[in-house]
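[1] return atomic coordinates for the entry below.
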Amino acid sequence: MSSRTGSAVNITPMTTTALYNSLSSIEAANAQLNDRDTLLSRLAPLLAQYGHQYGVCLVHAHCTLHDGERMIAKGNVSEPSRDADCYPERWLITGEPYEFTVEPTQSPPAELFDAIRAIVGDVGVLGLFYAGGLSDGVSLERTEGRRNITELVAGAVDVQAPENVETAWLPGQQGNPVKMVCKVFCPINPNSGHTKTRQHYDHQDQTVLLKLARG
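    Okay, here's the model as predicted:
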């Protein structure tokens, strides 16, 4: 199936600023996602029909945006910006983009959003992300102020540590169609009690991108 060719968007910044700031913290979003394995196994065959261009993500905010800002990725850095021209990179399941990139993307077709909503129902903390720019290996993301910097690293990373939260999933292209071969992790501080805040973004965060072996 095909999708619309992405084009630079010039949405009223205040609209996307308010939308982004209304998103849950990672802890709150994770707490709302029940029975994720069942949902992901049902979504994987659907995503495979679209050439693995899109993955499923846990919708949450990285920081608080100021007036006119959007969260925009440039290379391996994602940060608030007032740049006018950018491309949607992450979407709510209702179709609204909430994170952007300076690189061209492919926008999911309306029928994909319809099909996902039919599966997940009112689970509002699941969205779609454009998977065209993913790299194999493990990436660690550190936070400097409101800038998220992602870098590929060598060596083992304990992605199963209890403080890590899975935030993105991409189905495999070979073997079992429901096998998740890409997982992104954002850590939380189990002692911080930040369920309703975003203060955990003030310390050094890590995002782990793991490509599992395909069966």
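[2] what's the burial count for the closest residue to Thr17 other than its chain neighbours?
    Spatially, and ignoring its direct neighbours in sequence, Thr17 is nearest to Leu65 (4.8 Å; CB to CB, 6 or more residues apart in numbering). Using the backbone N, CA and C atoms, a C-beta is placed for each residue, glycine as well. By other CB atoms under 10 Å, the residues close to Leu65 number 21.
[3] contact partners for Leu65?
    Neighbour list for Leu65: Thr17, Tyr20, Asn21, Met71, Pro80 [criterion: CB atoms under 8 Å, 6 or more residues apart in numbering].
[4] check Trp91 too.
    Neighbour list for Trp91: Pro97, Tyr98, Pro108, Phe113, Gly127, Leu128, Phe129 [criterion: CB under 8 Å, 6+ apart].
[5] after the helix or strand containing it comes which helix or strand?
    Using DSSP states H and E, Trp91 sits within strand 87-92. Under the assignment DSSP H and E, the closest C-terminal helix or strand after strand 87-92 is strand 97-101.
[6] check which helices and strands the helix or strand following that following strand sits against.
    Going down the chain from strand 97-101, the next helix or strand is strand 106-107, by DSSP H and E. If you count contacts as 3 or more CB pairs under 8 Å, 6 or more residues apart in numbering; DSSP states H and E, strand 106-107 packs onto strand 4-5.
[7] pLDDT of the strand it packs on, averaged?
    Averaging the model's pLDDT scores along strand 4-5 yields 48.
[8] what do you get for stretch 170-186?
    56.
[9] repeat for stretch 85-92
    94.
[10] just the C-alphas of that stretch, formatted as PDB.
    This file holds the C-alpha atoms of stretch 85-92, laid out as PDB (Å, rounded to 0.1, in the frame of the first residue of the first chain):
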ATOM      1  CA  ASP A  85       9.300  24.400   7.500                       C
ATOM      2  CA  CYS A  86       9.500  20.900   8.800                       C
ATOM      3  CA  TYR A  87       7.900  17.500   8.200                       C
ATOM      4  CA  PRO A  88       5.700  15.500  10.600                       C
ATOM      5  CA  GLU A  89       7.600  12.600  12.200                       C
ATOM      6  CA  ARG A  90       5.200  11.400  14.900                       C
ATOM      7  CA  TRP A  91       1.400  11.400  14.900                       C
ATOM      8  CA  LEU A  92      -1.500  10.800  17.300                       C
END
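[11] list the buried residues of that stretch.
    Neighbour-count burial for stretch 85-92 flags Cys86, Tyr87, Pro88, Glu89, Arg90, Trp91, Leu92 (criterion: 16 or more other CB atoms under 10 Å).
[12] do the same with stretch 67-84
    Buried residues in stretch 67-84 (16+ other CB under 10 Å): Glu69, Arg70, Met71, Ile72, Ala73, Ser78, Glu79, Pro80, Ser81.
[13] and the residue lying closest to the first one once chain neighbours are set aside, how far from Lys74?
    Residue nearest to Glu69 in three dimensions, not counting chain neighbours: Pro80, with 4.1 Å by CB to CB, 6+ apart. Using CB to CB, to the nearest Å, one gets 12 Å for the distance from Pro80 to Lys74.
[14] least trustworthy helix or strand in the chain by mean pLDDT?
    strand 208-211 (a mean of 44; mean pLDDT, DSSP states H and E).
[15] and Arg146, what are its phi and psi?
    phi -110, psi 10 (degrees, to the nearest 10).
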